[in-house]
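In: Requesting a structural model of the entry that follows:
(chains A and B)
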Amino acid sequence: MKSLEELKAIREKMQGQIGIRSESSDQTRVVVGMATCGIASGARPVLTALSDAVQSKGLNNVSVTQTGCIGLCQFEPIVEVLEPGKDKVTYVKMTPEKAQEVVEQHLIRGHVVSKYTIAEVIG
Amino acid sequence: MYRSHVLVCGGTGCTSSGSVKIIESLQAEIKKNGLGTEVSVVQTGCHGLCALGPIVIIYPEATFYAMVTDEDIPEIVSEHLLKGRIVTRLLYKEMVTDDGIKSLNETDFYKKQHRIALRNCGVINPENIDEYIGTSGYEALGKVLTEYSPDQVVQTILDSGLRGRGGGGFPTGLKWKLAKANDADQKYVCCNADEGDPGAFMDRSVLEGDPHVVIEAMAIAGYAIGATQGYVYVRAEYPIAVERLEIAIKQAREYGLLGKNIFNSGFDFDVDIRLGAGAFVCGEETALMTSIEGNRGEPRPRPPFPAQKGLFQKPTILNNVETYANIPQIILNGAEWFSSMGTEKSKGTKVFALGGKINNTGLVEIPMGTTLREVIDEIGGGVPNGKKFKAAQTGGPSGGCIPAEHFDIKIDYDNLISIGSMMGSGGLIVMDEDNCMVDIAKFFLEFTVEESCGKCTPCRIGTKRLYEMLEKITEGNGTMEDLTKMEELCYYIKENALCGLGQTAPNPVLSTLHFFKDEYVAHVIDKKCPAGVCKSLLSFVIEADKCKGCTLCARVCPNGAIIGKVKEAHTIDLNKCIKCGACIEKCKFNAIFKK
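Out: I've put the predicted structure just below:
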């Protein structure tokens, strides 16, 4: 390595990955329901898709975690987005593709993807 | 990419309580559950809470599991990693509250800490240079090589107010300035990792948890003073630290962060390791350099100071591991950032190794000026078993005791010296009412007698005589005259010894004589050890009223000194009793006591 640019490139690549080890109260939390019902309906690929997208986009203020059953088993996989100071947004019947869209639209640009939210789907 | 990182402490403390096995089991169990591509297991350095090891932290939830055993692994993997359910029974108890789980940074142990030197310890994998770079590693080196002149580097360190963390507290910037001013064809940068104070292990922890920070800082120092070669002098008793440092040096060379023409700046620098054989005196700067040269590790008189004629007679700077660990952060954040922390003359933070009679044994980093009370009662969780705090010992065999009346002292270099102790390398040993201060002084003197290199008479013979007097007192044969003589001898040794080892060796005696004279007097006049430690002054007695004649004590006595029939009060044959205390531990009726 002979330049600061090369150092910077490694740093930026690693920051997304190490960012997962930070702990701050102003983080956005993305929570995936991972009880038996969630896993059975395909929550695991959703979780990994979210986690990969968040890290590859370098979203250090977002943490992707799991939780248990929320009680709406027929709507699993369920993903909740909790932003500090805002109302909780609950996405239902998620897929990895839908998760990508949520990262792009909601987490990066700040637009809630209404068509996947519980309010829209249940009506 | 991994969605979850499982951090397992691989420091010496957790390794000795089985963390290597835990890593293996975690990896096997994760694979078994098909999570190999989702969850990464990372071996890190020390988190500080050594008393609760082995420690496992799972991110992104930042769940802190304490005292994890091999049997707990399947549950952690199937519950936490597979289903996202935190295994509450394994959580660090402090984190569990009535309202749920609080974050680790809000626990008493971490709340008041400010980690600069330890910032990466327990967070990154020390054997992966990319992780260090990911936390802004080598950015400071890049910055000084491309933007700063050597003078600017020296000035930044001077302005920061950083002082040597190894004990003496000499301003680091000034040391660099002096070495820079001396012209020579070759200069050296040395790192003192010969951490010898009993109870201190922060340097080991930095080398084990974040070895690259030391390499980076040494390169910065080399650029500042005009040196191209560095040596890390580390004790061979630190095998994990040595191994990780070797890996780190190899990786830095591969990346071109050590070697020729670093960052195309024309600056060359390399680092090599020299292993110390564990002599305490080799932590003294002149002895350390003599040892690197391949000679017997003995100190020599100063001047000339190392900045003039150091290693191989060339201008040399020698800083401690913890001092170096602060340097890159000072460069990146500025001298003002660093000097805004701490007290008037002691800036920044200091790492302390908490040991002795304290609940949270471990490593803590606090801003200078934090009170002893905060460190012991809040961060350290206080003295266990409801015992009363008697004193804290800082500075190891060179330091002194801080008694309860100074519990609210703000910890910094000058305050500690003003009450006859010293910062030292940061060992902080807590003593309660069951510790005998004469015995403590004797313990440290025994250590210095062992470790005195023998080159100068005041230290070689003086400390031995001092030890003999202490021995005489603890055996109940001391006189008041001995106390006067002892004090006189202390001052004589301090004034005449050649190096820091001898000059500070009497401190434990002087400080205990000053604050706990009544305990010495009790040994001399009353022939009693108030804390019940000095065996010659004790006798063990069974209280007949309380003894139920259960025979348990008679059975555990290794010397057959307890006599008595079943269901009848027992007695101790004082001629046979070796005062080991095994009977007291076993007695269920508290019928046996020392007097």
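
In: Now whichever strand or helix holds B:Leu158: average pLDDT?
Out: Here B:Leu158 sits within helix B:150-160, counting by DSSP states H and E. Mean per-residue pLDDT for helix B:150-160: 97.

In: Please state the offset of the helix or strand following that helix from the chain centre?
Out: Sequence-wise, the next helix or strand downstream of helix B:150-160 (DSSP H and E) is helix B:172-181. Averaging C-alpha positions (Cα atoms, centre = their mean, to the nearest Å) puts helix B:172-181 27 Å from its chain's average.

In: and for the helix holding B:Leu158, what are the contacting residues?
Out: Contacts with helix B:150-160, where a contact means Cβ atoms under 8 Å, 6 or more residues apart in numbering or on different chains, come from B:144, B:148, B:171-174, B:176-177, B:180, B:220, B:223-226, B:327, B:330-331, B:334-336, B:338-339, B:347-348. Where you see a C-beta, it was placed from the backbone N, CA and C, and this is true even at glycine.

In: Give me the buried entries from the residues you listed.
Out: B:144, B:148, B:171-173, B:176-177, B:180, B:220, B:223-226, B:327, B:330-331, B:335, B:338, B:347-348 (16 or more other Cβ atoms under 10 Å in any protein chain shown).

In: Helices - which of those land there?
Out: If you go by DSSP state H, the buried ones among the contacts of helix B:150-160 have B:144, B:172-173, B:176-177, B:180, B:220, B:223-225, B:327, B:330-331, B:335, B:338 in helices.

In: Looking at the residues you listed, which one is closest to chain A?
Out: Chain A has its nearest neighbour among these in B:Val144, at 11.7 Å by Cβ to the nearest Cβ.

In: From what I see, the closest one and B:Ala217 are in contact.
Out: No - checked against Cβ atoms under 8 Å, the pair B:Val144 and B:Ala217 is beyond contact range at 10.6 Å.

In: Could you tell me which residues touch both of those two?
Out: What both B:Val144 and B:Ala217 touch, as defined by Cβ under 8 Å, 6+ apart, is an empty set.

In: The residue lying closest to B:Leu445 once chain neighbours are set aside and chain A: what is the separation?
Out: Of all residues not flanking B:Leu445 in the chain, B:Tyr467 sits nearest, at 4.4 Å (Cβ to Cβ, 6 or more residues apart in numbering or on different chains). Using Cβ to the nearest Cβ, to the nearest Å, one gets 49 Å for the distance from B:Tyr467 to chain A.

In: correct me, but B:Tyr467 touches B:Phe443?
Out: No - judged on Cβ under 8 Å, B:Tyr467 makes no contact with B:Phe443 at a distance of 10.1 Å.

In: Comparing those two, which shows the higher neighbour count?
Out: B:Tyr467 (21 against 16; other Cβ atoms under 10 Å in any protein chain shown).

In: which one's the longest strand in chain B?
Out: Longest strand in chain B, counting residues (DSSP state E): strand B:267-276.

In: Would you mind writing the CA trace of that strand as CSV?
Out: The C-alpha trace of strand B:267-276 is given here as CSV (Å, rounded to 0.1, in the frame of the first residue of the first chain):
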residue,chain,number,x,y,z
PHE,B,267,10.1,7.7,5.4
ASP,B,268,11.5,4.3,6.3
PHE,B,269,10.6,2.6,9.6
ASP,B,270,10.6,-1.0,10.9
VAL,B,271,9.8,-2.6,14.3
ASP,B,272,11.3,-5.7,15.9
ILE,B,273,10.5,-7.5,19.1
ARG,B,274,13.0,-8.2,21.9
LEU,B,275,11.9,-10.6,24.6
GLY,B,276,12.6,-9.9,28.2
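
In: Not counting its own residues, what contacts the helix or strand following it?
Out: Where DSSP H and E defines the elements, the next helix or strand beyond strand B:267-276 is helix B:285-292. Helix B:285-292 has contacts (Cβ under 8 Å, 6+ apart) with B:190, B:192, B:194, B:231, B:233, B:274, B:276, B:279, B:281-282, B:296-300, B:302, B:306, B:310-311, B:316, B:318, B:453, B:499.

In: Of those, grab the buried ones for ChimeraX.
Out: Burial among the contacts of helix B:285-292 is assessed by 16+ other Cβ under 10 Å; the matching ChimeraX selection reads:
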select /B:190,192,194,231,233,274,276,279,281,282,297,298,299,306,310,311,316,318,453,499
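
In: so what does the helix or strand bottoming out on mean pLDDT in chain B touch, helix or strand wise?
Out: Using mean pLDDT, DSSP states H and E, the weakest-scoring helix or strand in chain B turns out to be strand B:100-101, at a mean of 77. The contact analysis (3 or more Cβ pairs under 8 Å, 6 or more residues apart in numbering or on different chains; DSSP states H and E) places strand B:100-101 against no helix or strand.

In: how far away is the residue nearest to the spatial centre of chain B from A:Gln55?
Out: For chain B, B:Ala200 is the residue whose C-alpha lies nearest the centre (Cα atoms, centre = their mean; 2.1 Å). From B:Ala200 across to A:Gln55, the span is 38 Å (Cβ to Cβ, to the nearest Å).

In: so where is chain B shaky, pLDDT-wise?
Out: Within chain B, no range satisfies pLDDT under 70.

In: List the residues that contact B:Lys455.
Out: Applying Cβ under 8 Å, 6+ apart, the residues near B:Lys455 are B:Glu298, B:Pro299, B:Leu498.

In: any idea what the last one is structurally, helix, strand or coil?
Out: It refers to B:Leu498. coil (DSSP: H, G, I helix; E, B strand; the rest coil).

In: Report how many residues lie close to the nearest residue to it once chain neighbours are set aside.
Out: Sequence neighbours aside, B:Cys456 is the residue nearest to B:Leu498 in space, at 3.9 Å (criterion: Cβ to Cβ, 6+ apart). Counted with other Cβ under 10 Å, residues neighbouring B:Cys456 total 20.

In: Might one say that B:Cys456 is in contact with B:Leu501?
Out: No - using Cβ under 8 Å, B:Cys456 is not in contact with B:Leu501; the gap is 9.6 Å.

In: give the contact list for A:Lys88.
Out: Contacts of A:Lys88 (Cβ under 8 Å, 6+ apart): A:Glu80, A:Val81, A:Leu82.

In: Name the member of those with the most neighbours.
Out: Among the contacts of A:Lys88, the one with the most neighbours (other Cβ under 10 Å) is A:Val81, at 23 neighbours.

In: Contacts (any at all) between chain B and stretch A:102-120?
Out: No - shown here: stretch A:102-120 not in contact with chain B (Cβ under 8 Å from any Cβ of the partner chain), separated by at least 13.1 Å.

In: correct me, but A:Leu72 touches A:Tyr91?
Out: No - applying Cβ under 8 Å, one finds A:Leu72 not in contact with A:Tyr91, separated by 11.6 Å.

In: got a list of what the residue in the stretch 451-595 of chain B that chain A sits nearest to touches?
Out: Closest approach between the stretch 451-595 of chain B and chain A, counting by Cβ to the nearest Cβ: B:Gly500, at 39.3 Å. Neighbour list for B:Gly500: B:Gly167, B:Gly168, B:Glu284, B:Pro299, B:Ser398 [criterion: Cβ under 8 Å, 6+ apart].
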